[in-house]
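please find the sequence and the predicted model below.
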Amino acid sequence: MHPIRESDLPPVKELTRSFFRAVNPHVEPAEFEDKWEAALRSPMRFMRSFPQAWHVDLLDVPRTKVPGGRCLCFGDAHPENFGLITFTVGQRYVFNDLDDSGPGLAALDALRYFTVLRLLLDDRKALGELMELYEDMIQGKEPLRELPEALYPDVAARDARQLAKWTEGEAFRFDDAALKLSRTESGTAGRLLEALGQLGGLEGVEVIELAHRDRDSGGSGGLERYLVLARERGEERRLRLLELKETTHAATSWSCFLHEDEDRLAQAKASIWQGLEVPFYVEVPVGRSVYLLRDRLGRASVDIEKLAKRDLRAVLEAQVSILARQHAAAFAGLDLCKLDDWLRESLQALSKRWLKAYDRARRG
């Protein structure tokens, strides 16, 4: 099995600002400029801001150069896309961003995660050990690791911070310019609420207020977002902070029309979350757009940049376990020694490629 070489890909000089603009047609020109500037803060941020570019860039790689088969892939696997979510059965540490999940080649999915990790970690020994652990878990030679509860972030404390950040009493903090909130135009608010009502997306809560939120960074930078402040019906009457986030084509299905992708999210939830159910995680059609309704509370991520070395290793082992569990069936019957060689050599080529692309982008 031959690894991916630089010669299999278009010249790195073709990874221009125009290329990244072309694979983000959903983003308005001014918003793309903000997204681009935010992406240039670090190599990892640059790579994670454009998941579509990763998939499009690899389209010319011959299928014969990719070991293993297909599965429901994460699509945008990187260390910051994992966290705690409060499901109906309690908190679980999971891959938490299904925006780009869909069918794909497991080897390329794993390669994306380890490439981003290479840009984050300047520790080739630790990276090599994590890749070896991933391969051993796929073969069943090593048990899957769970995130130790001692490393669980405090979800309740984060919920309180989120409510204090965005709201005061039962109203959004429109007067805080740093939040980039604005009042939702009445016609837009009416359409959003009508769509939610038709879908049954807000059963069990009473809507108090809607707000438009500007956001220019990350993989979803430039997409429309609305915050929904609501209160639960019933005895507890807890405040809920929900979000409507405009969706675009998942990076794994970039060549599909949105209406052809309508079952993608349901399939991703069933596969990646292993049947776990969470309130408020559903797609809402509004005119020609599709929004993801999700809860901004009841979830939290581990800040990997602030962890001690031992704790960071525990977090990354838990993430690698989630990858291995998802990918294992796609590598059934494969000589895993060949996968090891392929991953290591392909990783070297792709990490160098994205570092070059980042450096060229920074130089303008």
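That came through, no problem.

in the chain, where is pLDDT below threshold?
201, 215-222, 253-262 (pLDDT under 70).

the most centrally placed residue in it sits in which helix or strand?
Taking Cα atoms, centre = their mean, the centroid of the chain lies closest to D97, which sits 3.6 Å from it. Take DSSP states H and E as the rule and D97 turns out to sit in neither a helix nor a strand.

out of everything not next to it in sequence, what's closest to it?
Excluding its sequence neighbours, the residue lying closest to D97 (Cβ to Cβ, 6 or more residues apart in numbering) is N81, at 4.3 Å. For the C-beta atoms, the positions are set from N, CA and C on the backbone; glycine is no exception.

so what's the residue count around the one you found?
N81 sits with 23 neighbouring residues when counted by other Cβ atoms under 10 Å.

what do you get for A177?
Around A177 there are 7 residues (other Cβ under 10 Å).

rewinding a little: how near is the residue nearest to D97 to P51?
Distance of N81 to P51, given as Cβ to Cβ, to the nearest Å: 10 Å.

same question for L196.
For L196 relative to P51 (Cβ to Cβ), the value is 27 Å.

those two: who's more crowded?
Neighbour count, other Cβ under 10 Å: between L196 and P51, P51 has more, with 26 against 21.

what are the boundaries of the helices in the chain?
Ranges of helices in the chain, per DSSP state H, are 17-22, 29-39, 43-48, 51-57, 106-120, 124-139, 155-166, 186-199, 264-272, 309-327, 336-363.

do you know which of those helices lies nearest R238?
Smallest distance to R238 across those (Cβ to Cβ): 9.6 Å, for helix 155-166.

which parts of the closest one are buried?
Judged by neighbour count using 16 or more other Cβ atoms under 10 Å, the buried positions of helix 155-166 are V155, R158, D159, Q162, L163, W166.

list the contacts of the first one.
Meaning V155. L84, T86, Q91, G298, R299, A300 (Cβ atoms under 8 Å, 6 or more residues apart in numbering).

hmm, try it at 10 Å
By Cβ atoms under 10 Å, 6 or more residues apart in numbering, the contact list for V155 reads G83, L84, I85, T86, Q91, L297, G298, R299, A300.

quick check: closest non-adjacent residue to the fourth one.
Leaving aside its chain neighbours, T86 sits nearest to G298 (3.5 Å; criterion: Cβ to Cβ, 6+ apart).

isn't the one you found up against A156?
Yes - look at G298 against A156 with Cβ atoms under 10 Å: they come within range, at 9.2 Å.

between these two, which contacts overlap?
Listed contacts common to G298 and A156 are T86; contacts here mean Cβ under 10 Å, 6+ apart.

how does this protein divide into domains?
For the chain, the structural domains run 6-151+306-363, 155-300, going by automatic domain parsing.

got the end-to-end distance for the shortest one?
Spelled out, it's domain 155-300. With Cα to Cα, to the nearest Å as the measure, domain 155-300 spans 6 Å from end to end.

report the separation between the closest residue in space to V23 that isn't next to it in sequence and R237.
Nearest residue to V23, sequence neighbours excluded (Cβ to Cβ, 6+ apart): Q52, at 4.3 Å. Applying Cβ to Cβ, the value for Q52 to R237 is 42 Å.

quick one, which of these two is more surrounded?
Taking neighbours as other Cβ under 10 Å, Q52 and R237 compare with Q52 leading, 23 against 9.

thought that one was touching L58?
No - using Cβ under 10 Å, Q52 makes no contact with L58, being 11.3 Å away.

and stretch 226-246, how far out from the chain's middle?
For stretch 226-246, the distance from its own C-alpha centre to the chain's C-alpha centre is 23 Å (Cα atoms, centre = their mean, to the nearest Å).

and if you look at stretch 275-294?
The chain centre lies 15 Å from the centre of stretch 275-294; the measure is Cα atoms, centre = their mean.

how about it: buried residues?
Here stretch 275-294 shows 278-284, 286, 289-294 as buried, counting by 16+ other Cβ under 10 Å.

try stretch 325-345
The neighbour-count check on stretch 325-345 (16+ other Cβ under 10 Å) flags Q326, H327, A328, A330, F331, L334, L336, L339, D340, W342, L343, R344 as buried.

out of the residues you listed, who's nearest E132?
D340 (7.1 Å).

what's the spacing between the closest one and A250?
The gap separating D340 from A250 is 29 Å, by Cβ to Cβ.

same thing with A230?
Taken as Cβ to Cβ, the span from A230 to A250 is 27 Å.

quick one on the thing from earlier: which of the buried residues of stretch 325-345 sit farthest apart?
Top of the distance list for the buried residues of stretch 325-345 (Cβ to Cβ): Q326 and R344, 20.7 Å.

okay, the domains of the chain, which one's buried deepest?
Ranked by mean neighbour count, the domains of the chain are led by domain 6-151+306-363 with a mean of 18 (mean count of other Cβ atoms under 10 Å).

just how off-centre is that domain within its chain?
10 Å.

where do the strands sit along the stretch 151-300 of the chain?
With DSSP state E, counting those that start in this stretch, the ranges of strands along the stretch 151-300 of the chain come out as 167-168, 171-172, 181-183, 205-213, 225-232, 239-246, 281-286, 289-295, 299-300.
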